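here are the coordinates; sequence isn't available:
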């Protein structure tokens with residue numbers, strides 16, 4: 001490589017990943033309930049006192065190696081012993097390979113850089129993967145004695161995956177859900193043949209037949225695939241009118257097209273007939289920005305930079321869902337997963353949104369001797385999502401502004417620390433800022449969603465949310481203080497920041513009486529304070545001309561406290577998720593809530609009644625549940 005001409009760079013990176021942490025599973029009691037073993041292998045063993053039909057839980061007998069007929073022992077008693085690593089053995093070593101080639105050229109009149117990056121990932125969950133190809137181009141041109149500068153940046157990303165594993169509490173497709181009840185005595189490889197013999201494509205094979213799926217079956221049959229193409233680009237023109245004044249115009253676009261497919265095989269718990277769904281997503285956003293700048297002469301200790309500008313943002317989003325909720329024909333061939341293989345019709349939902357934001361903004365920077373900097377900004381947005389079509393522009397609060405100010409001091413420059421001193425660089429910084437945000441698109445409108453037909457009649461339902469006619473933007477006020485320290489010729493680097501943010505007038509959905517014809521009211525209310533620290537420590541223990549070793553530690557701590565809720569919530573508690581485990585009968589009735597004075601995201605559910613000594617009260621051998629929910 002040289003300072004001018006073409007250069008070539010090649011980079012390759014390979015990383016390996018394994019499961020770091022799993023829950024602490026017990027290995028004393030096996031599959032079953034009430035101390036009795038249970039299983040389901042197509043033969044019902046109810047009637048023999050030592051066997052119950054499968055519960056899907058590990059409340060069976062102690063695993064002491066006693067001989068018990070098990071689901072895969074062909075009716076013969078075999079030792080009943082734990083398999084302590086059965087969950088861990090399901091996962092595999094993930095491998096990510098990244099290869100990059102870049103071509104660059106620098107000349108008197110401009111520069112060019114072209115690059116291609118390929119990412120290939122094998123996930124730690126079997127049958128999960130990710131492929132990504134990224135093409136990037138940056139072309140710059142200088143003209144008219146370097147007064148006019150033009151630059152074109154473009155990036156095209158093609159991504160696809162045959163399966164992105166689901167996470168969370170989803171019995172139809174989450175492998176992690178199944179580990180909650182997975183038998184502690186069953187080796188994971190015993191379930192690799194996940195179809196019942198003679199019923200391939202129709203009935204999965206598992207220890208029980210109630211609500212848990214075979215993990216190999218989920219990984220290989222209940223897949224979530226996608227294909228995505230995204231183009232991001234911008235054209236920038238910058239012209240220096242003279243030594244003090246400049247103008248810049250920039251136009252950018254972000255275009256996304258993505259298809260998703262969701263397969264649920266026959267005999268899936270909660271989706272017994274199987275299902276197939278296709279999503280088509282398109283997104284298009286443009287930004288046109290004009291910026292005028294002024295820079296004072298650098299002949300004095302003080303320097304002033306001023307910038308004023310405006311931005312026009314337009315965003316279009318289209319979302320099309322076609323769902324085949326029940327498959328008509330079963331089988332192991334992928335051809336059964338189509339929209340035409342429907343037992344009772346296909347549900348189609350289409351959503352199109354358009355958003356626009358017009359903005360004006362300004363920035364002023366005042367510096368003193370290149371070690372003291374004062375920045376101040378102000379921005380005002382006119383957001384289309386806050387325009388009430390009934391009230392009209394004149395009666396809608398769709399315009400809002402937000403300022404910011406920051407002060408930083410480079411102490412090492414101020415004190416003229418000599419070269420070679422222990423402290424290479426020291427900067428103190430503080431800032432205050434306000435930001436605003438709009439509402440969901442078409443929050444004030446009424447939409448209609450198609451439902452299954454009633455006989456020969458089409459059925460539609462309206463949206464279940466009514467917006468506050470005085471809805472306005474939500475706001476956040478934030479302040480932060482920090483230090484940037486580098487020592488021993490930058491061998492030790494520390495960036496530490498303390499922040500305190502208050503979000504208020506939040507745009508939230510509040511439940512309302514169903515007699516109103518709606519379920520929720522979209523309105524403003526509530527205050528949440530986030531405060532915490534962020535630390536970034538980097539150390540270079542080895543630094544040689546041909547080799548260097550960097551060690552980085554990134555730490556963060558945040559506390560989100562609910563300071564207030566809307567006045568209509570008299571209980572002081574707002575249910576963010578009314579039922580964390582929907583559909584579970586006899587569960588803890590768990591809620592995810594926001595409660596005044598508490599950390600955001602408290603869990604409330606039924607607990608155990610306790611006596612004066614703190615011990616759990618039992619009735620007939622079972623713990624007594626509380627009548628009211630507790631945190």
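That came through, no problem. This one's a predicted model, so the numbers in the text were calculated from it and none came from an experiment.

use CA for all of it now, contacts and neighbours both
Noted.

can you give me the helices for the stretch 151-300 of the chain?
For the stretch 151-300 of the chain, the helices defined by DSSP state H, counting those that start in this stretch cover 175-178, 215-221.

Could you check the ones you listed and tell me which one is nearest residue 188?
helix 215-221 (8.7 Å; Cα to Cα).

Against residue 78, how distant is the residue nearest to residue 190 when sequence neighbours are not counted?
Excluding the flanking residues, the one nearest residue 190 by Cα to Cα, 6 or more residues apart in numbering is residue 72, at 8.0 Å. In this view, residue 72 and residue 78 are 10 Å apart by Cα to Cα, to the nearest Å.

Over to residue 389?
Separation of residue 389 from residue 78 (Cα to Cα) stands at 72 Å.

Residue 174 too?
31 Å.

again, but for residue 509
Separation of residue 509 from residue 78 (Cα to Cα): 56 Å.

Show me where the chain dips below the pLDDT cut-off.
1-4, 39-56, 395, 578-589 (pLDDT under 70).

Give the closest residue to the residue nearest the centre of it in space, chain neighbours not counted.
Among the residues of the chain, residue 167 comes closest to the average C-alpha position under Cα atoms, centre = their mean, at 11.5 Å. Spatially, and ignoring its direct neighbours in sequence, residue 167 is nearest to residue 174 (5.3 Å; Cα to Cα, 6+ apart).

Residue 132 versus that neighbour, what's the distance?
24 Å.

burial count for residue 520?
19 (other Cα atoms under 10 Å).

got the contact list for it?
464, 465, 466, 509, 510, 511, 512 (Cα atoms under 8 Å, 6 or more residues apart in numbering).

Who does residue 154 form a beta bridge with?
Beta bridges link residue 154 to residue 137, residue 233, judged by DSSP bridges.

That one contacts residue 232, correct?
Yes: contact criterion Cα atoms under 8 Å: residue 154 and residue 232 qualify, at 5.8 Å.

Overlap of the contact sets of the two?
By Cα under 8 Å, 6+ apart, no residue touches both residue 154 and residue 232.

Verify the contact between the residue nearest to the centre of the chain and residue 175 for me.
Yes: if you go by Cα under 8 Å, residue 167 and residue 175 touch, sitting 7.2 Å apart.

Give me the common contacts of those two.
When Cα under 8 Å, 6+ apart defines a contact, no residue borders residue 167 and residue 175 alike.

Let me know whether residue 266 touches residue 276 as I believe.
No: applying Cα under 8 Å, one finds residue 266 not in contact with residue 276, separated by 10.5 Å.

any residues in contact with both of those two?
In contact with both residue 266 and residue 276: residue 327, using Cα under 8 Å, 6+ apart.

list the contacts for the nearest residue to residue 462 once chain neighbours are set aside?
Ranked by Cα to Cα, 6+ apart and with sequence neighbours excluded, the top spatial neighbour of residue 462 is residue 448, at 4.6 Å. By Cα under 8 Å, 6+ apart, the contact list for residue 448 reads 460, 461, 462, 463.

Can you tell me which of those is nearest residue 120?
residue 463 (41.7 Å).

Please name the residues that touch the closest one.
Going by Cα under 8 Å, 6+ apart, the list of residues near residue 463 reads 446, 447, 448, 449, 518.

Check these and tell me the two furthest apart.
449 and 518 (14.6 Å).

Now do the SS call for the closest residue to residue 100 other than its chain neighbours.
Leaving out its chain neighbours, the residue that sits closest to residue 100 by Cα to Cα, 6+ apart is residue 117, at 4.3 Å. Assigned by DSSP: H, G, I helix; E, B strand; the rest coil, the conformation of residue 117 is strand.

One more: residue 394?
helix.

Over to residue 470?
coil.

Would you check how far apart residue 409 and residue 369 are?
For residue 409 relative to residue 369 (Cα to Cα), the value is 11 Å.

meant to ask about residue 460, not that
68 Å.

next one: phi and psi at the closest residue to residue 369 other than its chain neighbours?
Spatially, and ignoring its direct neighbours in sequence, residue 369 is nearest to residue 301 (4.9 Å; Cα to Cα, 6+ apart). Backbone torsions for residue 301, taken as degrees, to the nearest 10, come to phi -70, psi -30.

My understanding was that residue 301 contacts residue 371; is that so?
No: using Cα under 8 Å, residue 301 makes no contact with residue 371, being 10.2 Å away.

Give me the more crowded residue out of these two.
Ranked by neighbour count (other Cα under 10 Å), residue 301 and residue 371 place residue 371 first, with 15 against 9.

who touches that one in this structure?
408, 409, 410, 411, 413, 414.

try residue 215
175, 178.

what's the spacing between it and residue 91?
For residue 215, the distance to residue 91 - Cα to Cα - is 11 Å.

Residue 267 too?
24 Å.

now residue 372
54 Å.

Settle it for me: which of the two has more neighbours?
Neighbour count, other Cα under 10 Å: between residue 372 and residue 91, residue 372 has more, with 19 against 15.

Surely that one and residue 406 touch.
No: with contact defined as Cα under 8 Å, residue 372 does not reach residue 406; the gap is 10.9 Å.

contacting residues for residue 316?
283, 284, 285, 352, 353, 354, 355.

Helix or strand: which one has the fifth one?
Here residue 353 is covered by strand 347-368, with elements defined by DSSP states H and E.

Buried residues, that strand. List them.
347-348, 355-367 (16 or more other Cα atoms under 10 Å).

May I have the strands that pair with that strand, each with its orientation?
Assessed with DSSP bridges, strand 347-368 is paired to strand 302-324 (antiparallel), strand 372-383 (antiparallel).

Looking at those strands, which one is packed in the most?
strand 372-383 (a mean of 19; mean count of other Cα atoms under 10 Å).

just to revisit the earlier point, need the strands paired with strand 347-368 in CSV (columns: distance to residue 207).
Output for the strands paired with strand 347-368, formatted as CSV (distance: least, Cα to Cα, whole Å):
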stretch, distance to residue 207
strand 302-324, 29
strand 372-383, 56
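
right, and the helices of the stretch 151-300 of the chain - which one's nearest residue 442?
So among these, helix 175-178 is nearest, using Cα to Cα, at 35.7 Å.

Show me what the closest one is in contact with.
Contact with helix 175-178 is made by 165-171, 212-215, 218-219, as judged by Cα under 8 Å, 6+ apart.

among those residues, which ones are buried?
165, 166, 170, 171, 212, 213, 214, 215, 218, 219.

Need the max-distance pair from those residues.
Longest span within the buried ones among the contacts of helix 175-178, Cα to Cα: 165 and 212, 16.2 Å.

Among the contacts of residue 463, which one lies nearest to residue 257?
residue 449 (23.3 Å).
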